[in-house]
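Visitor: okay, here's the prediction I keep looking at, along with the sequence it came from:
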Amino acid sequence: MALSTRIFLIGMPASGKSTLGKELADLLQLQFIDLDTEIEEKEARTISEIFNKAGEDYFREVEQSNLFNIIDDKASFVMSTGGGTPCYDGNMSKMIKNGTVVFLDVPVEELLERLQNQDLATRPKLNQPDLESILTITIKSRRSYYQRAHYTLKGKAITAQEILATIKD
């Protein structure tokens, strides 16, 4: 597979999509796009506010609209998607057809550790008691979508260089 100039990073919250996406974009000299940030800017409110005031269905419509518009408008980028983005209304098929999709498969124990020092109020699906159970159930329900990615990188310490080497092969 030739190196695409549209790269989508998918995976669970705290898997490193945004951090690694910025680093990968720098390595490739491409624009970095955080889909959640794009949505917040266009909606002029946080993801949590959208979930709380308009509901998840509305959020998913806005998410898809933003995703599809970016794909239609931009020839090259590295995008960090939301954790649930690949799981709704043909989003994964659109990403697969229009770029290279990389699943960052980070163990639940590592996700838990990374999330311990974060304000979970900004993560509406995770701001609940028993975070480990929520993460375990969520990854189980999303795995079939995530596994459709062109590439899967597993581990606690995935690097942008590792992603680049994988997608260049």
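Guide: Structure received.
Visitor: next one: the residue nearest to residue 16 when sequence neighbours are not counted from residue 42, what distance?
Guide: Counting by Cβ to Cβ, 6 or more residues apart in numbering, residue 16 lies nearest to residue 104, which is 5.6 Å off, once chain neighbours are set aside. From N, CA and C alone the C-beta is placed, and that goes for glycine too. Distance of residue 104 to residue 42, computed by Cβ to Cβ, to the nearest Å: 25 Å.
Visitor: what do you get for residue 133?
Guide: According to Cβ to Cβ, residue 133 and residue 42 sit 33 Å apart.
Visitor: verify the stated contact: residue 78 with residue 33.
Guide: Yes: under the contact definition of Cβ atoms under 8 Å, residue 78 touches residue 33, with a separation of 7.2 Å.
Visitor: so which strand or helix has residue 102?
Guide: When elements are assigned from DSSP states H and E, residue 102 belongs to strand 100-105.
Visitor: what's next to that strand, contact-wise?
Guide: When contacts are taken as Cβ atoms under 8 Å, 6 or more residues apart in numbering, the neighbours of strand 100-105 outside the stretch itself are 1, 3-4, 6-12, 15-17, 20, 86, 92, 95, 146-155, 158, 163, 166-167.
Visitor: redo that, cut-off 6 Å
Guide: Judged by Cβ atoms under 6 Å, 6 or more residues apart in numbering, the contacts made with strand 100-105 from elsewhere in the structure are 4, 7-11, 15-16, 95, 146, 149-154, 158, 163, 167.
Visitor: equivalent analysis for stretch 135-150, please.
Guide: Contacts made with stretch 135-150 from outside it, assessed by Cβ under 6 Å, 6+ apart, are listed as 10, 12, 86, 87, 92, 100, 101, 102, 103, 108, 111.
Visitor: the first one: neighbour count?
Guide: Yep, that's residue 10 we're talking about. Neighbour count for residue 10, taken as other Cβ atoms under 10 Å: 29.
Visitor: just the second one next, same as before
Guide: Counted with other Cβ under 10 Å, the burial measure for residue 12 works out to 26 neighbours.
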